[in-house]
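*Asks:* below are the sequence and a predicted model for it; my questions follow.
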Amino acid sequence: MYTATTRAIQVTVRPQYLPEDSDPAKSQFVWAYFVRIQNAGDVAVQLRSRYWKITDALGRVQEVRGPGVVGKTPLLRPGEMFEYNSGTSLSTPSGFMGGAYQMVSESGENFDIEIPTFSLDLPSPDRKLN
């Protein structure tokens with residue numbers, strides 16, 4: 001698992017390779033990622049949008065921006081958490097991704113929180129982290 005904390009908001013990500021959805025012969029490699037966002041602060045915040053930077057093993061970069069996550073813009077009061085899962089695919093058997101969520105506090109302040117950069121690798125006994 002990968003974790004980052006910004007302004008008392010903790011983001012934890014757990015990637016998982018999906019062999020049943022991948023086709024290595026066609027250079028299609030698919031991962032799910034499971035995200036938990038926890039507000040350990042003392043003010044309510046709402047997730048407004050997301051930014052992802054996805055890099056494959058050849059250094060090719062794809063940037064993704066959009067409103068919310070999985071169609072939602074969750075409001076997290078102090079002590080609350082939100083969990084979701086999504087997925088990504090690469091044309092190489094490894095890579096990494098990370099980014100930021102754009103948040104707004106209950107007082108109207110806009111700020112970014114870090115999504116930790118995490119490795120996308122095939123399961124292997126001799127696994128090397130990117």
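*Replies:* The structure has been received and is ready for your questions. Residues are numbered from 1 along each chain as shown.
*Asks:* assign the residue in the chain sticking out farthest from the centre to helix, strand or coil.
*Replies:* Computed with C-alpha atoms, centre = their mean, the residue of the chain farthest from its C-alpha average is Ala25, at 26.7 Å. Of the three states, Ala25 takes helix under DSSP: H, G, I helix; E, B strand; the rest coil.
*Asks:* kindly report the same for Gly41.
*Replies:* With three-state DSSP as the criterion, Gly41 reads coil.
*Asks:* ok, it - contacts?
*Replies:* Arg7, Ala8, Ile9, Pro78 (C-beta atoms under 8 Å, 6 or more residues apart in numbering). Using the backbone N, CA and C atoms, a C-beta is placed for each residue, glycine as well.
*Asks:* taking those one by one, which sit in strands?
*Replies:* Here DSSP state E is the test, and the contacts of Gly41 give Ile9 as lying in strands.
*Asks:* can I get the contacts of Gly41 in CSV with pLDDT and distance to Ile37?
*Replies:* What follows is these, written out as CSV (pLDDT from 0 to 100; distance: C-beta to C-beta, whole Å):
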residue, pLDDT, distance to Ile37
Arg7, 96, 12
Ala8, 97, 12
Ile9, 98, 7
Pro78, 97, 13
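*Asks:* name the nearest of the contacts of Gly41 relative to Asp121.
*Replies:* Nearest to Asp121, judged by C-beta to C-beta, of those is Ile9 at 26.9 Å.
*Asks:* excluding its backbone neighbours, what's nearest Met103?
*Replies:* Closest residue to Met103 apart from its sequence neighbours, by C-beta to C-beta, 6 or more residues apart in numbering: Val45 at 4.8 Å.
*Asks:* contacts only, for that neighbour.
*Replies:* Counted by C-beta under 8 Å, 6+ apart, Val45 has contacts Ile9, Asn39, Leu75, Leu76, Met103, Val104, Ser105, Glu106.
*Asks:* so the fifth one makes contact with Ile115?
*Replies:* Yep, that's Met103 we're talking about. No: taking C-beta atoms under 8 Å as the definition, Met103 is not a contact partner of Ile115, at 11.7 Å.
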